[in-house]
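A.B. asks: Got a sequence here, can you model it:
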Amino acid sequence: MVKKPKDVRVLHGHHVVTGPELRATFEAAGDPDDPVRLRRRVVHGVVLVLLLGLIAAGIITAFAILNGQLKLPATETAEEPGSVCPTATFDYVPHEQINLNVYNSTSRPGLARSVADELLGRKFLVGNVANTEASYRGVAAVVSGAAGQSAAFTVQRNVPESDYFQDDRTDASVDLILAGDYKELAAADRVDQTPGTLSCPRESRRIADEAKWPVIPTAVATP
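C.D. replies: Numbering: from 1, shown residues only. The predicted structure is shown next:
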């Protein structure tokens, strides 16, 4: 008796589901008009189109740059702020033509008065003589408006290593603010009276600002 070949699709009396049958079952169960599936397909299509567009735009841009048809903007180097320290050459002004105020911003009592007396002896026209408070650090600050720059130049020649500051006053008066490093005036017979320029070594603090010391005295007292 010839035995029938064993059916591999049957195992212990149960039908074995094949891959094609399983796939066909899921496809039959899925609704092709399902809105969720449709939305996913639309989103995937949009994303694919966008990616292809970006790739195409990148290729076109690269070719344009290589061919010189498109130039990328170059970064411009920021310009350094120009110095506003006066660059003009000034003549030495006769002392009797200079209206000078003397202020003491140190803790040394009587300094403004003693220096003012020396300057009076040199024929400067000394006006205000007082103590004041200043955050300025150095030998002395010489302050004037544009009209008093030649006079300020002359004062600086008498006060070596002083720093010049410009404010917005319209007259030709000059303020001399004595600071902690001040020692003495230049010897009267050794003052350089040749033409020259103002000394503005402190560029970051060169312009007077009433809201920011050290330039304009805001509180004075009898020396």
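A.B. asks: For the nearest residue to residue 134 once chain neighbours are set aside, give me its contacts.
C.D. replies: By the measure of C-beta to C-beta, 6 or more residues apart in numbering, the closest residue to residue 134 outside its immediate chain neighbours is residue 105, 3.8 Å from it. Backbone N, C-alpha and C define where each C-beta goes, glycine included. Contact analysis of residue 105 by C-beta atoms under 8 Å, 6 or more residues apart in numbering lists 131, 132, 133, 134, 136, 177, 178, 179, 180, 214.
A.B. asks: just the buried members of those residues?
C.D. replies: Among the contacts of residue 105, those buried by neighbour count (16 or more other C-beta atoms under 10 Å) are 131, 132, 134, 136, 177, 178, 179, 214.
A.B. asks: longest single strand anywhere in this structure?
C.D. replies: Criterion DSSP state E: the longest strand present in the chain is strand 125-132.
A.B. asks: partners of the following helix or strand past that one in the sheet?
C.D. replies: Scanning forward in sequence from strand 125-132 by DSSP states H and E, the next helix or strand is strand 140-144. Using DSSP bridges, the strands paired with strand 140-144 are strand 163-166 (parallel), strand 174-178 (antiparallel).
A.B. asks: so what does the very next helix or strand once past strand 140-144 touch, helix or strand wise?
C.D. replies: Following strand 140-144 in sequence order, the next helix or strand is helix 149-158 (DSSP H and E). Using 3 or more C-beta pairs under 8 Å, 6 or more residues apart in numbering; DSSP states H and E, the elements in contact with helix 149-158 are strand 99-104, strand 140-144, strand 163-166, strand 174-178.
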